[in-house]
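**Student:** 3D, please:
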Amino acid sequence: MPGGRLTQAERQQIALGLADGLAYAEIARRLDRPTSTVTREVMRNGGPTAYRADLAHRATERRAQRRRQAAPRGAEAPPQVHGRDPEAVREYEESFTTVMMASGMPKMMARVMTCLILTDSGSLTAAELVRRLQVSPASVSKAVAFLDGQGMIRRERDERRRERYSVDDDIWYQSMMASARATAHIAETARQGVAVLSAGTPAAVRMENIARFLDFVSESSARAAEQAREVLHTKPAAPAGD
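**Tutor:** Residues are numbered from 1 along each chain as shown. Predicted structure coming up:
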């Protein structure tokens, strides 16, 4: 399997594949590349409907140039802890961010979430996020407000009274439960429309079907989240004799 950065010819093949309506996996198979490589390439360069090979190639060259200019002269970048490969970590961070974006999360929110998840402490201040992501405080503030509203991060104060944003194993459970509650609220609102639209009419029947479907999805999601939390967050029993 070829490694390294995508070539301009490969980007043209991606553009042709998108124009033909091919899935990312099929485009990746034809290029003999990982699907994540194609997904990341498309999502960071306009998405499937706006991707252009020439613009993507130039944008990649500009990003590489900025990284070279930002690198400290006469000194190497600080080493990663635990013997991690800095380049591999950076590439993985981009891949994870791309997957979050493909799920519907806005780019800056995805970058902040990924940064928190990949931090050993799972906790960073606003200033630390600004420094790590090299973005404005306003961008971080907006992203944090969105993630907090989705139940995906937790706000807390440290010993210096600074606001910190944290993630842990329970965050995904809380996020799923928040999503289930939001879905249930949509279902209830849809059901209220049945009376307004006169029961039995085509529009009212449609709203009733929407409400029934969303009720089922909400209840199933909440139940699955509860079961997963109970099973996966239960510590294994200690061996006999310990």
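**Student:** going forward, measure contacts and count neighbours with C-alpha atoms only.
**Tutor:** Will do.
**Student:** who's in contact with Ala204?
**Tutor:** Ala204 is in contact with Gly193, Val194, Ala195, Leu197, Ser198, counting by CA atoms under 8 Å, 6 or more residues apart in numbering.
**Student:** where's the second one, which helix or strand?
**Tutor:** Spelled out, that is Val194. helix 171-196 (DSSP states H and E).
**Student:** buried sites along the helix or strand following that helix?
**Tutor:** Reading on from helix 171-196 to the C-terminus, the next helix or strand found by DSSP H and E is helix 202-232. With burial defined by 16 or more other CA atoms under 10 Å, the residues of helix 202-232 counted as buried are 204-212, 214-215, 217-219, 221-222, 225.
**Student:** repeat for stretch 129-139
**Tutor:** Neighbour-count burial for stretch 129-139 flags Leu129, Val130 (criterion: 16+ other CA under 10 Å).
**Student:** show residues contacting it.
**Tutor:** By CA under 8 Å, 6+ apart, the residues outside stretch 129-139 that reach it are Met108, Arg111, Val112, Cys115, Ala126, Ala127, Val140.
**Student:** next, count neighbours for the nearest residue to Ala56 once chain neighbours are set aside.
**Tutor:** Take Ala56 and drop its neighbours on the chain: the residue closest to it by CA to CA, 6 or more residues apart in numbering is Asn45, 5.7 Å away. Neighbourhood size, Asn45 [other CA atoms under 10 Å]: 17.
**Student:** just the pLDDT for the most centrally placed residue in the chain.
**Tutor:** For the chain, the residue sitting closest to the mean C-alpha position, by CA atoms, centre = their mean, is Met100 at 1.9 Å. We have a pLDDT of 83 for Met100.
**Student:** isn't it up against Ala110?
**Tutor:** Yes: in this structure, Met100 is within contact of Ala110 by CA atoms under 8 Å, at 5.7 Å.
**Student:** which neighbours do the two have in common?
**Tutor:** Contact criterion CA under 8 Å, 6+ apart; residues shared by Met100 and Ala110: none found.
**Student:** at which residues are the strands of the chain located?
**Tutor:** If you assign secondary structure with DSSP state E, the strands in the chain sit at 123-125, 154-157, 163-166.
**Student:** can you list the buried residues in the helix holding Val194?
**Tutor:** 172-181, 183-188, 190-191, 193-194.
**Student:** and that helix, how far out from the chain middle?
**Tutor:** Remark: helix 171-196 is offset 22 Å from the chain centroid, using CA atoms, centre = their mean, to the nearest Å.
**Student:** mean confidence score for that helix?
**Tutor:** Across helix 171-196, pLDDT averages out at 91.
**Student:** so who does Ala211 touch?
**Tutor:** Ile186, Ala187, Glu188, Thr189, Ala190, Arg191.
**Student:** any idea how far Met108 is from it?
**Tutor:** Distance of Ala211 to Met108, computed by CA to CA, to the nearest Å: 33 Å.
**Student:** just Ile153 next, same as before
**Tutor:** Ile153 sits 14 Å away from Met108, going by CA to CA.
**Student:** more crowded one of the two?
**Tutor:** The neighbour comparison of Ile153 against Met108 (other CA under 10 Å) goes to Ile153, with 27 against 18.
**Student:** next one: the more buried one, what pLDDT does it get?
**Tutor:** Reported pLDDT for Ile153: 89.
**Student:** heads up, I number from 40, so please use that
**Tutor:** Done: numbering now begins at 40, and the last item shifts to Ile192.
**Student:** many thanks, have a good one.
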